[in-house]
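# output the structure for:
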Amino acid sequence: MTHSEIRKKFLKFFVERGHKIVPSSSLVPENDPTTLFTGSGMQPMMPYLLGEKHPLGTRLADSQKSFRAEDIEEVGDNRHTTFFEMLGNWSFGDPDASDKVGAGYWKKEQLSWIYEFLTKEVGLDPSRLYVSVFSGGSGISRDDDSIQIWQDIFQSAGISYKYSQLETLEKAGNKGVEKDARIFGYGIDKNWWSRAGKPENMPVGEPGGPDSEIFFDFQTPHDIKFGKKCHPNCDCGRFLEIGNSVFMEYKKKSDGDFEPLPQRNVDFGGGLERIIAASNDNSDIFNIDALYPIIIKIRGLVPKVDSRSERIIADHMRAATFLIADGVTPSNKVQGYFLRRVIRRALTYVRKSGVENNIAAELGKTVSKIYEKEYPELQNPQIADVLNAEESKFRKTLNNGLKILESKTEITGKEAFDLFQTYGFPFELTQELVRVMEPEEFKKYALEHSESSTTASAGIFKGGLADHSEKVIRLHTATHLINAALRKILGDQVWQKGSNITGERTRFDFTHPEKLTDEQKKEVEDMANKWVKRNLEVKKDIMPLEEARKLGAIGVFGEKYPDTVNIYSILDPKTGEVISREFCGGPHVSYTGKIGKIKITKEEAVSAGVRRIRAIVE
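A predicted model of the protein is given here:
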C-alpha cells in the first residue's frame with residue numbers, strides 16, 4: 001500500500017468513530033520548551049492532554065510530520081529515519097465525568113479500534129501481530145486491563161493469546177518468545193510513558209501512564225549478536241514496532257507516589273512508514289513509495305553508491321526538504337545546526353561516491369514531488385535555492401578543511417569537533433582523511449553542543465509562552481498589539497513568523513525586507529500604547545475556520561489550522577472597531593488597560609526577509 005492510501009484510510013477510520021482531523025503542526029514546535037523539533041504526534045497535543053480544552057472537542061486524529069535529531073547516527077540500516085510521519089488519535093477525558101472519560105474513550109475502545117484498523121483496513125495478518133503491555137514497577141500495578149482486552153481480541157480471532165511476563169530486556173533475551181505467547185509484559189523502561197521518562201524522574205504534578213505497543217513479525221531469522229533469544233523488543237530485525245497506545249491515567253504526588261489523573265487520556269502514535277513496510281511484508285522501510293523514488297533518483301545521480309550510503313542520503317535529504325519548508329535555514333545554531341548537519345552528512349556520502357557536481361536541489365525536488373498533494377508547502381522554489389546554496393558552501397568548506405588536514409596524519413576528537421563546528425567539516429570525512437584519536441571524544445563534544453542548543457531553545461529560541469503567569473499573559477496580549485501596529489504602519493505584507501514570550505520580554509518575528517527606522521519603531525510603540533490606554537476588550541470566540549477567515553482573522557505565516565479554531569479579537573465594544581483578530585490558543589488579559597506601558601527594546605534581522613522585535617511591558 002502507498003503512503004497516501006494508508007494515511008487516508010487511518011483518518012477516515014477515526015472520522016467514522018467521531019474524531020475531528022487536525023492538520024500537521026510545524027516541525028519547529030511553538031509551545032514546547034523541552035525540544036528543538038516536533039519529534040512525535042503527542043508534542044503539539046500536550047496542552048490538551050493536561051486539561052486545556054481543544055476547540056474541536058475531545059476526539060482528534062492526524063498525521064504529524066516529525067524529526068528526531070538523536071537518530072542521525074542510526075540512519076543507514078533498513079528501519080531508522082530522522083524524518084517520519086506519525087499517525088495519531090487522541091481521546092481527552094472529562095474530569096467531571098464519573099469515569100474521568102466522559103465523551104472520550106478508554107482502553108477497550110482504543111485497543112480494539114487500532115487492531116481493527118491494522119487487520120481490516122491495512123490487511124495485516126493477525127497471527128503476525130504481537131503486543132507489549134506494562135508489567136508493573138515503581139509502585140504501579142501491572143496493566144491487567146490491557147492484558148485482558150488483548151486476550152479477548154486475539155481469542156476472538158482464533159489465534160494464540162498467552163501472556164508472557166518478561167519485565168526487563170535481559171530477562172526477555174533469555175526467555176524469548178515461548179510457544180503460543182503473544183502478549184508480553186515489559187517494565188518501566190519499555191512500557192511506561194511520561195515526558196520525563198521513568199517515574200522517579202517525573203516532577204510533582206506530571207502526568208504519565210502505561211502504554212501498549214504493537215509489533216509486526218517479519219519472520220526473519222534471529223541474529224544472536226542481539227541476544228540469546230528473540231522477543232518483540234529485540235533489535236535483530238524480526239519484529240518492528242508499528243504503533244503505541246499510551247493510557248495517561250496517573251499523576252505524580254509530592255511524596256513520590258501516584259494518584260489517578262483528573263482526566264484519563266488516550267494517545268496513539270503509529271509510524272506511517274513502518275505500517276507501510278508491514279503492509280508490503282518488506283522490512284526495508286526504504287522500499288516504500290515515500291522513500292524508494294528518492295533511492296532511484298540517487299542511483300541515477302550517484303552511480304557508485306552502496307545501500308547504506310543511499311539510505312543516509314535519501315533520509316537526510318527528505319528531512320532537509322521538510323525542515324526548510326517549515327522555515328529552518330542552515331546555520332551553526334539551534335535548529336539550523338541540525339539542518340546543516342543532515343545536509344552535509346548526506347553530501348559527504350555523495351562525495352565519497354565520486355560525484356563533484358551539485359545534486360541536493362534535484363533530490364529536494366524529488367521529495368517535493370512525492371508529497372505534492374499532502375504537503376503543498378514543499379512546492380516552494382526557495383527550498384531548491386537553499387539546498388543549492390548550502391551545497392555550494394559545503395564545497396568551499398571542504399577546501400578549507402582539506403587545507404587544515406593536509407599536513408596532519410592524526411588529530412584528537414576535540415580537534416575534529418572544532419573542525420566540524422568552525423567549518424562544518426563532517427566527522428565522517430575527517431575519519432577518512434586522518435586518524436582520529438579517541439573518536440568518542442568527538443561524540444562527547446557533539447552531545448554537549450546538542451544539549452546546549454536544546455537549553456537555548458528553552459529560553460531565547462523557544463516558541464510560544466514560557467508559562468501562564470500574569471506577566472507573560474500581559475506580554476502575550478501586547479504582542480498582538482505590536483503585530484497589529486506593524487501591519488498598520490508597514491502594510492499588510494507583514495506576517496507573523498513566530499513568537500517567544502517569557503516573564504521578562506516578548507520576542508516577535510515578522511516578515512519585512514528591511515530594517516525599521518527609529519521613526520517607524522516609535523510609531524509602532526506609540527500606536528500600541530494608544531490602544532492600551534483605550535482599555536479595549538479582548539474577546540475569545542470559537543468558530544469554523546472559513547468564518548474566521550471571512551472576518552479577517554490572521555495567524556502565523558504558513559501555519560495550518562483545523563476546521564474549528566480559537567479566535568482572539570481586540571476591539572472597541574462601543575463602536576465595533578476591531579484592532580486585532582488572530583488565530584490563538586490564549587490566554588490573554590480581558591482588557592488592554594491591564595497590559596501596562598509597552599516599550600520596544602530591540603529590532604534586528606533574523607534571516608533574509610525576516611525581522612525580530614523584542615519588547616517589554618512596564
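# secondary structure class for V101?
The local conformation at V101, judged by DSSP: H, G, I helix; E, B strand; the rest coil, is coil.
# who are the contact partners of it?
S91, G93, D94, Q263, R264 (C-beta atoms under 8 Å, 6 or more residues apart in numbering). The way it works is simple: take the backbone N, C-alpha and C, and place the C-beta from them, glycine included.
# got the phi and psi for it?
Main-chain dihedrals, V101, degrees, to the nearest 10: phi -120, psi -50.
# quick check: which element contains the spatially closest residue to I404 that is not a sequence neighbour?
Closest residue to I404 apart from its sequence neighbours, by C-beta to C-beta, 6 or more residues apart in numbering: L419 at 6.6 Å. Element membership for L419 (DSSP states H and E) is helix 413-423.
# so which of the contacts of V101 are in strands?
Among those, the members found in strands (DSSP state E) are S91, Q263, R264.
# what's the pLDDT at L50?
Note on L50: pLDDT of 74.
# got the contact list for it?
Counted by C-beta under 8 Å, 6+ apart, L50 has contacts P207.
# could you redo the last one with a cut-off of 10 Å?
F92, G205, E206, P207, M248, L261, P262, Q263, N265 (C-beta atoms under 10 Å, 6 or more residues apart in numbering).
# what comes up buried for stretch 489-499?
I489, L490, V494, W495, Q496, K497, G498, S499 (16 or more other C-beta atoms under 10 Å).
# of the residues you listed, closest to G51?
Closest to G51 out of the buried residues of stretch 489-499 is S499 (23.1 Å), distances taken as C-beta to C-beta.
# for that closest one, which residues are in contact?
Counting by C-beta under 10 Å, 6+ apart, S499 has contacts 30, 463-465, 475-476, 479-480, 482-483, 506-510, 556, 612-613.
# right, and the helix or strand after the one helix or strand it maps to?
Per DSSP H and E, S499 falls inside strand 496-501. Using DSSP H and E, the next helix or strand after strand 496-501 towards the C-terminus is strand 506-511.
# give me the angle between that following strand and strand 496-501.
Angle, strand 506-511 to strand 496-501, by axes from the mean of the first three to the mean of the last three C-alpha atoms, to 10 degrees: 170 degrees.
# domains in the protein, by residue range?
Listed domain ranges for the chain are 3-286, 289-461, 470-617 (source: the TED database).
# tell me which other helices or strands the longest helix along the chain touches.
Ranked by residue count, the top helix of the chain under DSSP state H comes out as helix 382-405. With contacts taken as 3 or more C-beta pairs under 10 Å, 6 or more residues apart in numbering; DSSP states H and E, helix 382-405 sits against helix 307-325, helix 334-352, helix 360-370, helix 413-423, helix 427-433.
# show me what the third one is packed against.
Packing contacts for helix 360-370, counted by 3+ C-beta pairs under 10 Å, 6+ apart, involve helix 292-301, helix 307-325, helix 334-352, helix 382-405.
# who's in contact with I140?
F134, I188, W192, P199, G208, G209, P210, E249, Y250, D257, F258.
# for it, give the beta-bridge partners.
Listed by DSSP bridges, the beta-bridge partners for I140 are G137.
# for the closest residue to V75 other than its chain neighbours, the count of nearby residues, please.
In space, and not counting its chain neighbours, V75 is closest to D315: 4.9 Å by C-beta to C-beta, 6+ apart. Using other C-beta atoms under 10 Å, D315 is surrounded by 27 other residues.
# over to R549?
15.
# the helix or strand hosting it: which residues count as buried?
According to DSSP H and E, R549 maps onto helix 545-550. Buried positions in helix 545-550, judged by neighbour count with 16+ other C-beta under 10 Å: L545, A548.
# do the same with stretch 198-212
Buried residues in stretch 198-212 (16+ other C-beta under 10 Å): P199, M202, P207, G208, G209, P210, D211, S212.
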